[in-house]
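J.: Predicted model and sequence below, questions to follow.
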Number of protein chains: 2
Amino acid sequence: MPIWEYVSAMARAATTSDAWNAVAEPQRRRILTLLRGGERPVNEVARALSIDQPRASKHLRVLREVGLVRVREEGKQRLYALDARGLRPIHEWVGGFERFWSESLARLDVYVRGLAEKEKRR
Amino acid sequence: MPIWEYVSAMARAATTSDAWNAVAEPQRRRILTLLRGGERPVNEVARALSIDQPRASKHLRVLREVGLVRVREEGKQRLYALDARGLRPIHEWVGGFERFWSESLARLDVYVRGLAEKEKRR
DNA sequence: GAAACATATTCCCATATCGGCATGATGCAA
DNA sequence: TTGCATCATGCCGATATGGGAATATGTTTC
């Protein structure tokens, strides 16, 4: 885990370090969706997603590190549970664009019309 | 741009290829936020974020490729405008977890209590 | 056409990431 | 203790990424 603060030539922004990046991975999104149905042991997660166990463990680790998931030990199993609180900031940020969804359509219309004009004038 | 379908040993999932990943980058989020105020030429974006022009261009390119932004040529400038439609799926997916935000708190409570029990029993 | 300005692209580097496979680590049961 | 089951990690390979710096491309103005 690099100490970005002290690295002068930062190569790539840390990725798996926040909910945004954790959720950018399709498999991890599927895992979170699965966990809405309640806590699950690793093997079950792996089976549900049709991936091997190491892969499931790794994804779960990322999710755990960014706090989107919690682990509970139960015998030889590890039950992972959803902790959706970290998704809230994302929802709010994206929500700030809600009002632009429809506007975008209108603007796109103008945009396309502009292109058409440009073509005609050629 | 790799043809994932035909690559057997996929190394890393394509990243800058969808809105999820585009938005996972803080700078790009700032750009999108800025563009809510209307279209802007590259230089203005760069200045607003205190980054150099090439960097701004690169980020804008990613945003353009995933469709979150549109370009319009105006003289020697290129005006970038927000196209927020691509954010909608994200908002909806994340919204599906809304109901779990408060629950997570409750569950966390149970979780912590469990840990305490465990300690006591030690 | 040359100079000036706005923007895009390219190259290089350090590093992160995901998948695959093999190997540890730990708990439980016989 | 020995297996067996459930996970977690480590290592490798291929590749993507973001920053920095330099350079190319395109447009307007003289």
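T.: All right, it came through fine.
J.: tell me the strands in chain A, going along the chain?
T.: For chain A, applying DSSP state E gives strands covering A:40-41, A:69-74, A:77-82.
J.: any bit of the second one sitting next to DNA strand D?
T.: Spelled out, it's strand A:69-74. Yes. Residues of strand A:69-74 contacting DNA strand D under CB under 7 Å from any atom of the strand: A:V71. From N, CA and C alone the C-beta is placed, and that goes for glycine too.
J.: May I see the buried residues of that strand?
T.: Within strand A:69-74, the residues scored as buried using 16 or more other CB atoms under 10 Å in any protein chain shown are A:69-71.
J.: any low-confidence regions in chain A?
T.: A:1-16, A:102-122 (pLDDT under 70).
J.: Where do the helices of it begin and end?
T.: A:19-23, A:26-35, A:42-49, A:53-65, A:88-95, A:98-121 (DSSP state H).
J.: So which elements touch the shortest one?
T.: Translated: helix A:19-23. helix A:26-35, helix A:88-95 (3 or more CB pairs under 8 Å, 6 or more residues apart in numbering or on different chains; DSSP states H and E).
J.: what would these look like in JSON lines with distance to A:Y80?
T.: Shown next, in JSON lines, are those (distance: least, CB to CB, whole Å):
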{"stretch": "helix A:26-35", "distance to A:Y80": "6"}
{"stretch": "helix A:88-95", "distance to A:Y80": "20"}
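J.: Next, format these as CSV and append distance to DNA strand D.
T.: Listed next are the helices and strands packed on helix A:19-23 as CSV, based on distance: least, CB to the nearest atom of the strand, whole Å:
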stretch, distance to DNA strand D
helix A:26-35, 12
helix A:88-95, 17
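J.: Which of the ones you listed has the highest mean neighbour count?
T.: Among the helices and strands packed on helix A:19-23, helix A:26-35 has the highest mean neighbour count (mean count of other CB atoms under 10 Å in any protein chain shown), at a mean of 19.
J.: A:G38 - how many residues pack around it?
T.: By other CB atoms under 10 Å in any protein chain shown, the residues close to A:G38 number 9.
J.: show me the contacts for it.
T.: A:A81 (CB atoms under 8 Å, 6 or more residues apart in numbering or on different chains).
J.: Also A:R29?
T.: Neighbours of A:R29 in contact, by CB under 8 Å, 6+ apart: A:23, B:93.
J.: any idea how far B:W20 is from it?
T.: 8 Å (CB to CB, to the nearest Å).
J.: and for these two, which residues touch both?
T.: A:V23.
J.: mind giving me the domain ranges of chain A?
T.: For chain A, automatic domain parsing gives the domain ranges A:1-82, A:87-122.
J.: before we move on, back to that, just curious, which of the buried residues of strand A:69-74 is nearest to DNA strand C?
T.: Closest approach between the buried residues of strand A:69-74 and DNA strand C, by CB to the nearest atom of the strand: A:V71, at 13.1 Å.
J.: isn't that closest one right up against A:R78?
T.: Yes. At 5.3 Å, A:V71 counts as touching A:R78 under the criterion of CB atoms under 8 Å.
J.: For B:A24, find the nearest of the helices of chain A.
T.: helix A:19-23 (4.3 Å; CB to CB).
J.: Would you mark the buried spots in that closest one?
T.: For helix A:19-23, using 16+ other CB under 10 Å, the buried residues are A:19-23.
J.: Please see if it touches DNA strand D.
T.: No. Legend: contact between helix A:19-23 and DNA strand D by CB under 7 Å from any atom of the strand is lacking; minimum distance shown is 9.7 Å.
J.: do that helix and DNA strand C meet at all?
T.: Yes. With CB under 7 Å from any atom of the strand as the criterion, DNA strand C is reached by helix A:19-23 at A:N21.
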